[in-house]
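> okay, here's the prediction I keep looking at, along with the sequence it came from:
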Amino acid sequence: MTATIAYDDVEVGTELPERLFPLRRVDLVRYAGASTDFNPIHWNERAAVEAGLPGVIAHGMLTMATAVRLVTDWLGDPGALVEYGVKFSAPVVVPDGDEPAVVSVRGTVQKKLEDNQVVVNLTARCQGAKVLMAARATVRLP
């Protein structure tokens with residue numbers, strides 16, 4: 001698969017359209033199975049509260065992966081991702097029941113590098129809290 005956006009078509013300051021990603025408890029269970037991270041803070045309310053958390057929280061790596069989907073979906077090619085890093089600043093608390101936690105993700109092209117690489121800064125929020133800091137994705141474009 002090749003990215004659908006070309007390097008020459010991207011400018012510094014280009015904004016990626018905001019995306020809203022709902023996360024439900026069932027998503028946490030599925031991720032636990034895929035990642036083999038069965039820590040009860042990700043599915044058991046009592047365990048999460050006993051650990052000092054406000055409730056069941058999404059896995060950090062799930063939050064991180066959810067945010068970078070903004071970039072990979074924008075490009076149309078997850079293989080274009082060269083480097084990605086974040087710092088976690090707040091947990092994504094996922095309520096019980098039908099209401100999801102909604103992670104809002106925005107992106108802006110910060111700079112263009114050599115070798116057709118572009119750096120995109122990401123902002124991810126949930127319930128008003130910034131859940132990722134220093135979130136940056138470097139991608140290679142055709």
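Great, that's in hand.
> for the longest helix belonging to the chain, name the packing helices and strands.
Across the chain, the longest stretch assigned as helix under DSSP state H is helix 60-75. In terms of contact count using 3 or more C-beta pairs under 8 Å, 6 or more residues apart in numbering; DSSP states H and E, helix 60-75 is assigned the packing partners strand 15-23, helix 25-35, strand 81-88, strand 101-112, strand 117-126, strand 129-140. For the C-beta atoms, the positions are set from N, CA and C on the backbone; glycine is no exception.
> what inclination does it have with respect to strand 129-140?
Angle, helix 60-75 to strand 129-140, by axes from the mean of the first three to the mean of the last three C-alpha atoms, to 10 degrees: 50 degrees.
> so how far is helix 60-75 from its chain's centroid?
Distance, stretch centre to chain centre, for helix 60-75: 4 Å (C-alpha atoms, centre = their mean, to the nearest Å).
> middle-most residue in this protein, spatially?
Ala67 (1.6 Å; C-alpha atoms, centre = their mean).
> which residue is the nearest non-sequential neighbour of it?
In space, Ala67 comes closest to Ala124 once its chain neighbours are excluded; the distance is 4.4 Å by C-beta to C-beta, 6 or more residues apart in numbering.
> for that neighbour, name its beta-bridge partners.
According to DSSP bridges, the residues that bridge with Ala124 are Val105, Leu132.
> tell me the contacts of it?
Contacts for Ala124 (C-beta atoms under 8 Å, 6 or more residues apart in numbering) come out as 63, 66-67, 103-105, 130-132, 135.
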